[in-house]
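> What shape does this take:
(chains A and B)
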Protein chains: 2
Amino acid sequence: MKLALEAAKAAAARGEVPVGAALVGPDGTLLAVDGNRSLETNDPTAHAEINVIRRAALALGNYRLTGSSLYVTLEPCAMCAGALVTARIDRLFYGAADPKAGAVETLYRIASDPRLNHRAEVTGGIMAGEAASLLKEFFRARR
Amino acid sequence: MKLALEAAKAAAARGEVPVGAALVGPDGTLLAVDGNRSLETNDPTAHAEINVIRRAALALGNYRLTGSSLYVTLEPCAMCAGALVTARIDRLFYGAADPKAGAVETLYRIASDPRLNHRAEVTGGIMAGEAASLLKEFFRARR
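Just a heads-up that it's a prediction; the model follows:
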């Protein structure tokens, strides 16, 4: 999660909403770390989670990331929660809850929905204070 | 939707699950057409909808696709429904409903959820028979 927080800080420095993610393989190997890049790449799907999932799958040559763990500083939105189900990620650790768009515990429970064909173990609140502070500071500076 | 169906057929020919999508701009211009490419690109996020959203946003140099319409042969999953909200797509037309993963009407209503910061007008059942036949034929052939 420390690496994800560093990636969130780097995103803020690029003018992106400060969210960062890290993906760790079944054996503990770090597969990818990245932050939001929606503005930089003109890509609405370039959230931190999608970036690390795409990069890791490409590097492994496998569109399934079974057994891996995703660390992200903010509760994933519906797109990212859906992506982690599609990618068969087994564990999700997130920082701050997202009251506006959180889709794994707050508004929806997409990552643990028994109706879908894959479920992840979800743990929130990891270093949540630091993750939330980064976001608050970023949006306060822009108002 | 005819272009989306053609893209779905092309996906099947590549061994991908036959789903296709087309994105049309506010003025009726065709922005992108593509099918699933998850296997080919080793990218779990490379669903037809994500592919056309990414391509159109890149071409327009804007991560928001306000005013555009998405045509897709199958009801979007949570990832793709979330992506169309994130991309600010205004209208969604889909073909067959997806009882297992459909996230705009079947399991969730992500594209029209008043709690999220954007909503699309959703119309299902467009050329649904042809879209469903493609999928049935594809999966029957693989069993």
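> any idea how far B:A7 is from A:R119?
From A:R119 across to B:A7, the span is 30 Å (CB to CB, to the nearest Å). Where C-beta positions appear, they are placed from N, C-alpha and C, glycine not excepted.
> More neighbours: which of the two?
B:A7 (26 against 16; other CB atoms under 10 Å in any protein chain shown).
> for the record, mean pLDDT for whichever helix or strand A:E137 is part of?
A:E137 belongs to helix A:128-142 when elements are defined using DSSP states H and E. The average pLDDT within helix A:128-142 is 95.
> Please put the alpha-carbon coordinates of it into PDB.
Taking Å, rounded to 0.1, in the frame of the first residue of the first chain, the C-alpha atoms of helix A:128-142 are listed here in PDB:
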ATOM      1  CA  ALA A 128      -7.100   5.200   4.800                       C
ATOM      2  CA  GLY A 129      -6.200   8.400   6.600                       C
ATOM      3  CA  GLU A 130      -3.200   9.100   4.400                       C
ATOM      4  CA  ALA A 131      -5.100   8.100   1.200                       C
ATOM      5  CA  ALA A 132      -8.000  10.400   2.100                       C
ATOM      6  CA  SER A 133      -5.700  13.300   3.000                       C
ATOM      7  CA  LEU A 134      -4.100  13.200  -0.400                       C
ATOM      8  CA  LEU A 135      -7.500  13.500  -2.100                       C
ATOM      9  CA  LYS A 136      -8.700  16.200   0.200                       C
ATOM     10  CA  GLU A 137      -5.600  18.300  -0.300                       C
ATOM     11  CA  PHE A 138      -5.800  17.900  -4.000                       C
ATOM     12  CA  PHE A 139      -9.400  19.000  -4.400                       C
ATOM     13  CA  ARG A 140      -9.000  21.800  -1.800                       C
ATOM     14  CA  ALA A 141      -6.100  23.200  -3.900                       C
ATOM     15  CA  ARG A 142      -8.300  23.100  -7.000                       C
END
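> List the buried residues of that helix.
For helix A:128-142, burial by neighbour count (16 or more other CB atoms under 10 Å in any protein chain shown) applies to A:A128, A:E130, A:A131, A:A132, A:L134, A:L135, A:F138.
> What separation is there between the second one and A:L60?
Here the distance between A:E130 and A:L60 works out to 30 Å (CB to CB).
> Nearest residue to A:V24 in space, please, no chain neighbours.
A:S69 (4.7 Å; CB to CB, 6 or more residues apart in numbering or on different chains).
> Please apply the same query to A:A48.
Counting by CB to CB, 6+ apart, A:A48 lies nearest to A:A21, which is 3.8 Å off, once chain neighbours are set aside.
> And the helices in chain A, which stretches?
In chain A, the helices defined using DSSP state H lie at A:2-13, A:38-41, A:48-60, A:78-86, A:128-142.
> Need these in a markdown table (columns: distance to B:P76).
Formatted as a markdown table, the helices of chain A follow (distance: least, CB to CB, whole Å):
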| stretch | distance to B:P76 |
| --- | --- |
| helix A:2-13 | 27 |
| helix A:38-41 | 19 |
| helix A:48-60 | 15 |
| helix A:78-86 | 9 |
| helix A:128-142 | 28 |
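> Out of those helices, the one nearest B:A78 is which?
Between B:A78 and these, the tightest spacing by CB to CB is seen for helix A:78-86, at 3.1 Å.
> so does the closest one get close to chain B?
Yes. Judged by CB under 8 Å from any CB of the partner chain, helix A:78-86 and chain B are in contact via A:A78, A:M79, A:C80, A:A81, A:G82, A:A83, A:V85, A:T86.
> Hmm, A:C80 and A:Y94 touching each other?
No. If you go by CB atoms under 8 Å, A:Y94 and A:C80 don't touch, sitting 9.9 Å apart.
> what is in contact with those two at once?
A:V72 (CB atoms under 8 Å, 6 or more residues apart in numbering or on different chains).
> which one of those two has more residues nearby?
The neighbour count for A:Y94 versus A:C80, taken as other CB under 10 Å, is higher for A:C80 (34 against 31).
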